[in-house]
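**Student:** Okay, structure incoming, though there's no sequence with it:
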């Protein structure tokens, strides 16, 4: 197996983000893509990351392979990658070889780990509402909610997307109307609450794309996705907060 990437950010940035939620993961690599599906230890958030084989300048894989790694260790290596570097991943027996090459060649080897886990199955969810909006606007709304509470309510009512939070002594609300920058589609009005702590980690995906998409329904999981067409997708499915927590 040899995978060479001319733009290391497509692998580096998602891994740094995912490492805040999950410590150990399995990469599944086949003839079309590199994929990661993982659940955080508390079973609150599922992460789904796909990097298409067409993004790589060299994508040489004889047969599908699974590679289990410690993300903290991989993250430390990837943080050494510069935008001008070419990133190469190679599988050598029980090690992952990471080469960063530009004006110099730097080689790191990471020991693979043993993970006895069943393959995570992506749930088949029926979302009733969708919001597409600039990542920066959603980031600001979550930061606003973090000022007053550790949970946030997302509400879709007709053509308006409300982001709300209530603490012991204060409240916050941000409303977005459908316009040329914000698309809102809904089959029904909905309202669900989610953890601000998890959302603050997930919205770092805004580094990947200026636009994001949310899927939600009433008292239902939330899906947050950042996608670069024909290159990669990074998504998180977040469990709702129950009403009495």
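**Tutor:** Thanks, I have the structure now. None of the values given here were measured: they were computed from a predicted structure.
**Student:** okay, CA-based contacts and neighbour counts for the rest of this
**Tutor:** Will do.
**Student:** And the pLDDT at residue 243?
**Tutor:** pLDDT recorded at residue 243 is 63.
**Student:** so the residue of the chain positioned farthest from its centre, which of the three states?
**Tutor:** Centroid-distance maximum for the chain: residue 169 at 32.8 Å, with CA atoms, centre = their mean. Under DSSP: H, G, I helix; E, B strand; the rest coil, residue 169 falls in the coil class.
**Student:** For it, give its distance to residue 179.
**Tutor:** Using CA to CA, to the nearest Å, we find residue 169 at a distance of 33 Å from residue 179.
**Student:** And residue 80, by the same measure?
**Tutor:** 41 Å.
**Student:** With residue 234 instead?
**Tutor:** For residue 234, the distance to residue 179 - CA to CA - is 25 Å.
**Student:** before we move on, what about residue 111?
**Tutor:** 50 Å.
**Student:** go on, residue 28?
**Tutor:** 39 Å.
**Student:** These two: who's more crowded?
**Tutor:** Shown here are residue 28 and residue 179; by other CA atoms under 10 Å, residue 28 has more neighbours (16 against 11).
**Student:** can you give me phi and psi for the closest residue in space to the more buried one that isn't next to it in sequence?
**Tutor:** Excluding its sequence neighbours, the residue lying closest to residue 28 (CA to CA, 6 or more residues apart in numbering) is residue 66, at 4.6 Å. Backbone torsions of residue 66, given as degrees, to the nearest 10, read phi -120, psi 130.
**Student:** immediately after the longest helix anywhere in the chain, which helix or strand?
**Tutor:** Counting by DSSP state H, the longest helix found in the chain is helix 135-146. Past helix 135-146, further along toward the C-terminus, the next helix or strand under DSSP states H and E is strand 151-157.
**Student:** avg pLDDT for that following strand?
**Tutor:** Here the average pLDDT along strand 151-157 is 97.
**Student:** Report the distance from that strand to the chain centre.
**Tutor:** Relative to its chain's centre, strand 151-157 lies at 20 Å (CA atoms, centre = their mean, to the nearest Å).
**Student:** With stretch 107-118 instead?
**Tutor:** 21 Å.
**Student:** Residue 143 versus residue 226, what's the distance?
**Tutor:** 19 Å.
**Student:** Would you mind telling me which of the two has the busier surroundings?
**Tutor:** residue 226 (25 against 13).
**Student:** My guess is the more buried one contacts residue 212. True?
**Tutor:** Yes: Residue 226 lies in contact with residue 212 (CA atoms under 8 Å); the separation is 5.0 Å.
**Student:** who touches both of those two?
**Tutor:** The contact sets of residue 226 and residue 212 overlap at residue 206 (CA atoms under 8 Å, 6 or more residues apart in numbering).
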